[in-house]
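Asker: coords below, sequence missing:
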């Protein structure tokens, strides 16, 4: 709170960032969120933009690198595309998760398709698809002169003394367009509800992008290019921090409309240079870890209109290259004298073909269906590896490297996806959607090829924030999920009317990639802290649950404005076939909100209720967390056509609680007397912002 005057002065001087809201929830549990020119933004992490969606949550990581969770499936089990590019985490801790490569202030539209995903929306995933679109190129009206637009924004949060700024500018004729967007965000370590600093949770991120576009006669060519730099980012539930991350990308897209249909084509390239180490005062020592990753790919899709629908045919290719190495530390007996090769020339290539038919049935088209089949060939391989050295301290890794190098590592998976969706709309006030799918995901490079068997090396492979250590298995089988889902949607009164949506689902997963316990150890050699050394392993599993969303107009008048009650609830359960609960399952949670609009004012009060988390993964020593209820306030006002002001209070009553998906508080282990505890969540935060458009 001591920094509040600074934040308020910044807010008065400069503009705010974009609010997000759920704009549309379709029967297939498709959620679309768009940026608004006015409003309130709660955080710097793009993964949080979907937080008000039932069944969606975020597993805590760094300040801009949260990992999305959809109906209990997390991270790589979700297909994430940014402007059509498929990006892969180039880090054994997934610190540079795909959504960390775009700032929320650069997002124009983000779409989540949860549960059964049409095959045209992506494969190599079993949970759903998150599709992010940055600011689209803007063109002037035909015959008009040069069109120029721009905006500038800033916001601040008191809980971590953070500041986020953005700038957008574009100039266009009716056939050519050029645009620029830049975003900067920086935050110190946040405070929990007790006023204690959560160590190693600071961050800084800079994102810049340009877009060039040309269109004529029903055809458009768009080139996007950009750079990202994260100078540092702390991870309180990991052993390491991000000490540098550089990313660059180029993305060329074409769309043409012809007499026979529409052709979409895209080619892209993205690379990352990533470094982990220690930079925060509570973490001392030297252990550089370097990663270089490169994504390349293309995608082609033809949409062919038919008498009663549309046929979509596509072909894609995506390649990922990864080098993960740890330079020797001079003078260290354990970390030297050689460079540790963790992933050496890792390759993962996917070749894809798919076909999808969308059909309207009958003259009144009360029934619609989407049927699709997708085939993927996934090839994976990696080169020889080596340990730091050959002394006794490195003997487990030395022996593991010899065994790894002695065997064949080339793997090929042939994966078949199939999906079927049918929607029945008996009248204007209801619809019912039925969906079945078979979805397949092959292991990532770390799940197959991480090989170190010493406790230190194993703990360096961990994107779960649980304090344990992991080793891969070359012979892992792909995960195959069979999912059934149903959505009932009752509504009336248009966009501002009432609705009630219910979505139960069930997934049976063959060869779910979970873990087997190899041995135990004590993190940081603290006897009061327990961890396990785990090997990735296939086990059958099942996940099931239900999502609920509602909206109800309360009152409306010219004098007092419009009041609306909204909310959602979600329940998820995940169990292994041989017993025990799956890791990182969100307990029952519900959101109750009342929104008010009067002229230029828009306000919202909400209560977020989360049940106690007592169904935990014993193999990972997942901590239990208590139930909690949070109250948040938000308000925004349009000061003019060019300026808007926003303010909000998160966790109004400064409730101290632990994040159910936060894992363990590793950076605070020593400060807490050598005992592991669940990661504390943010305390009260006063958030302010201002935005100008021109």
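Answerer: Sure thing, it's come through. Note that this is a predicted model, so its numbers are computed, not measured.
Asker: partners of the helix or strand where residue 275 lies, with directions?
Answerer: Under the criterion of DSSP states H and E, residue 275 resides in strand 261-277. Counting by DSSP bridges, the strands paired with strand 261-277 are strand 241-258 (antiparallel), strand 289-306 (antiparallel).
Asker: want to throw these into JSON lines with mean pLDDT and distance to residue 479?
Answerer: Where you see a C-beta, it was placed from the backbone N, CA and C, and this is true even at glycine. Putting these into JSON lines (pLDDT from 0 to 100; distance: least, C-beta to C-beta, whole Å) gives the following:
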{"stretch": "strand 241-258", "mean pLDDT": "97", "distance to residue 479": "28"}
{"stretch": "strand 289-306", "mean pLDDT": "97", "distance to residue 479": "21"}
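Asker: Format the ones you listed as CSV; extra columns: distance to residue 386 and mean neighbour count.
Answerer: Below are these laid out as CSV (distance: least, C-beta to C-beta, whole Å; neighbours: other C-beta atoms under 10 Å):
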stretch, distance to residue 386, mean neighbour count
strand 241-258, 23, 18
strand 289-306, 15, 18
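Asker: residue ranges of the helices in this protein, please?
Answerer: Counting by DSSP state H, residue ranges of the helices within the chain are 4-13, 395-406, 445-449, 455-459.
Asker: Residue 246 is in contact with residue 270, isn't it?
Answerer: No - using C-beta atoms under 8 Å as the test, residue 246 is too far from residue 270 to be in contact (11.5 Å).
Asker: for residue 472, what are its contacts?
Answerer: Neighbouring residues of residue 472 by C-beta atoms under 8 Å, 6 or more residues apart in numbering: 443, 446-451, 461, 535-536.
Asker: can you rerun that using 7 Å?
Answerer: Counting by C-beta atoms under 7 Å, 6 or more residues apart in numbering, residue 472 touches 446-451, 536.
Asker: Dump those residues into a markdown table; add pLDDT and distance to residue 659 as well.
Answerer: Formatted as a markdown table, the contacts of residue 472 follow (pLDDT from 0 to 100; distance: C-beta to C-beta, whole Å):
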| residue | pLDDT | distance to residue 659 |
| --- | --- | --- |
| 446 | 98 | 24 |
| 447 | 98 | 25 |
| 448 | 98 | 30 |
| 449 | 98 | 31 |
| 450 | 98 | 26 |
| 451 | 98 | 31 |
| 536 | 98 | 24 |
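Asker: between those, which has the most around it?
Answerer: Sorting those by how many neighbours each has (other C-beta atoms under 10 Å) puts residue 449 first, at 29 neighbours.
Asker: Neighbours of residue 260, how many?
Answerer: 10.
Asker: meant to ask about residue 141, not that
Answerer: Using other C-beta under 10 Å, residue 141 is surrounded by 8 other residues.
Asker: Thought residue 174 was touching it, still the case?
Answerer: Yes - counting by C-beta atoms under 7 Å, residue 174 is a contact partner of residue 141 at 6.4 Å.
Asker: before we move on, the earlier item: by mean pLDDT, show me the worst of the helices of the chain.
Answerer: Taking the average pLDDT of each of the helices of the chain, the minimum falls on helix 4-13, with a mean of 29.
Asker: Would you reformat the contacts of residue 472 as JSON lines and include distance to residue 578?
Answerer: Below are those laid out as JSON lines (distance: C-beta to C-beta, whole Å):
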{"residue": "446", "distance to residue 578": "24"}
{"residue": "447", "distance to residue 578": "19"}
{"residue": "448", "distance to residue 578": "22"}
{"residue": "449", "distance to residue 578": "25"}
{"residue": "450", "distance to residue 578": "23"}
{"residue": "451", "distance to residue 578": "26"}
{"residue": "536", "distance to residue 578": "16"}
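Asker: ok, these vs residue 500, which is closest?
Answerer: Distance to residue 500 across the contacts of residue 472 (C-beta to C-beta) is lowest for residue 447, with 40.1 Å.
Asker: The closest one reaches residue 538, doesn't it?
Answerer: No - in this structure residue 447 lies outside contact range of residue 538 using C-beta under 7 Å: 10.3 Å.
Asker: what do those two both touch?
Answerer: When contacts are counted by C-beta under 7 Å, 6+ apart, residue 447 and residue 538 have 476, 513 as shared neighbours.
Asker: Let me see the confidence value for residue 674.
Answerer: You'll see residue 674 listed with a pLDDT of 80.
Asker: which residue packs closest to it, ignoring adjacent ones?
Answerer: In space, and not counting its chain neighbours, residue 674 is closest to residue 526: 3.7 Å by C-beta to C-beta, 6 or more residues apart in numbering.
Asker: With residue 672 instead?
Answerer: Distance criterion C-beta to C-beta, 6+ apart; nearest residue to residue 672, sequence neighbours excluded, is residue 665 at 7.1 Å.
Asker: Quick check: the closest residue in space to residue 656 that isn't next to it in sequence vs residue 616, distance?
Answerer: Excluding its sequence neighbours, the residue lying closest to residue 656 (C-beta to C-beta, 6+ apart) is residue 193, at 2.9 Å. Distance, residue 193 to residue 616, by C-beta to C-beta, to the nearest Å: 22 Å.
Asker: what do you get for residue 429?
Answerer: Here residue 429 is placed at a distance of 42 Å from residue 616 (C-beta to C-beta).
Asker: And those two? Which one has more around it.
Answerer: Set residue 429 next to residue 616 and count neighbours by other C-beta under 10 Å: residue 616 wins out with 20 against 14.
Asker: thinking that one is in contact with residue 624, fair?
Answerer: Yes - between residue 616 and residue 624 there is a contact at 5.6 Å, judged by C-beta under 7 Å.
Asker: which stretches of this protein aren't confidently modelled?
Answerer: 1-43, 282, 284 (pLDDT under 70).
Asker: How many neighbouring residues does the residue nearest to residue 672 have?
Answerer: Residue 665: 26 surrounding residues under other C-beta under 10 Å.
Asker: Going forward, count from 724.
Answerer: Got it, first residue is 724 now, which makes that one residue 1388.
Asker: circling back to that earlier point, tell me who's in contact with the residue nearest to residue 1379.
Answerer: For residue 916, the contact set (C-beta under 7 Å, 6+ apart) comprises 1374, 1377-1380, 1406.
Asker: Let's see that with 8 Å instead.
Answerer: The contact partners of residue 916, by C-beta under 8 Å, 6+ apart, come to 1374, 1377-1380, 1403-1404, 1406-1407.
Asker: can you put the residues you listed in a markdown table and add distance to residue 1415 and neighbour count?
Answerer: Below are these laid out as a markdown table (distance: C-beta to C-beta, whole Å; neighbours: other C-beta atoms under 10 Å):
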| residue | distance to residue 1415 | neighbour count |
| --- | --- | --- |
| 1374 | 29 | 21 |
| 1377 | 32 | 18 |
| 1378 | 35 | 16 |
| 1379 | 37 | 15 |
| 1380 | 37 | 20 |
| 1403 | 36 | 23 |
| 1404 | 33 | 21 |
| 1406 | 31 | 24 |
| 1407 | 28 | 18 |
